[in-house]
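In: give the three-dimensional model of this entry:
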Amino acid sequence: MKAEVKALESPGVVDLWDYKPFDYSDFEFRLEMFIGPVGEERTDLFTVTVCGLSAVKGFVPKKDFLIEHYKEKGDHYLVMKRYDYTLLRMYLDNYISKCDSRWWGFIAWQIQKIAKWQRKAKNVIVDQ
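Out: Predicted coordinates:
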C-alpha cells in the first residue's frame with residue numbers, strides 16, 4: 001500500500017495556492033494534510049506548522065536549503081526559505097509517495113516523522 005496527499009487546508013489561510021505573506025520569508029501557519037491510501041477515499045489528518053526562517057529559533061538550515069523539516073519539543077515545522085506553494089506541494093507529494101507498507105499504521109508512523117498524526121478523518125474533497 002502507498003500513501004498520497006488527498007487535500008491540504010489551513011485554518012489561517014483561505015487559499016494556499018494564492019497565499020502571499022507580507023514578507024515571503026517571515027510567515028507561519030498551521031497546515032492540515034489529509035493523507036490516505038492511493039485509490040481509496042479514506043484519509044487521516046496530519047498537521048504541521050509551515051513557516052519562514054524567523055519563526056523557529058534554533059533552526060540551522062543546510063547550505064542550499066529551500067524547505068526542510070524541523071522538530072522541536074514535539075512540534076513539527078516545515079521551514080521554507082520563502083513561501084512557494086508549488087515547492088511545498090512537491091516536497092509533501094515526494095515524501096508521502098515514498099511511504100509504503102502493507103499496514104496503514106506503519107505508513108502513518110512514517111508520516112509522523114514530518115507531521116503530527118491528529119486523527120482518522122472522514123472523506124474529504126480531494127484536491128484537483
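In: list the contacts for Y95?
Out: Residues near Y95 by CB atoms under 8 Å, 6 or more residues apart in numbering: I114. For glycine as for every other residue, the C-beta is placed from the backbone atoms N, C-alpha and C.
In: quick one: the strands in this protein, in order.
Out: 3-9, 28-37, 43-52, 67-72, 75-80, 116-121 (DSSP state E).
In: in a markdown table, list those strands along with mean neighbour count and distance to N94.
Out: Formatted as a markdown table, the strands of the chain follow (neighbours: other CB atoms under 10 Å; distance: least, CB to CB, whole Å):
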| stretch | mean neighbour count | distance to N94 |
| --- | --- | --- |
| strand 3-9 | 19 | 10 |
| strand 28-37 | 19 | 13 |
| strand 43-52 | 21 | 15 |
| strand 67-72 | 15 | 11 |
| strand 75-80 | 19 | 13 |
| strand 116-121 | 14 | 19 |
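In: quick one: closest of these to L16.
Out: Of all the strands of the chain, strand 3-9 sits nearest to L16, with 5.9 Å by CB to CB.
In: gap between that closest one and the chain center?
Out: Its chain's average C-alpha position is 9 Å from that of strand 3-9, according to CA atoms, centre = their mean, to the nearest Å.
In: CA-only coordinates of it in PDB, if you can.
Out: Only the C-alpha atoms of strand 3-9 are listed here, as PDB (Å, rounded to 0.1, in the frame of the first residue of the first chain):
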ATOM      1  CA  ALA A   3       0.000   6.800   0.600                       C
ATOM      2  CA  GLU A   4      -0.900  10.100  -1.100                       C
ATOM      3  CA  VAL A   5      -1.800  13.600  -0.200                       C
ATOM      4  CA  LYS A   6      -5.600  13.900  -0.800                       C
ATOM      5  CA  ALA A   7      -6.000  17.600   0.300                       C
ATOM      6  CA  LEU A   8      -4.200  20.400   2.000                       C
ATOM      7  CA  GLU A   9      -6.000  23.000   4.100                       C
END
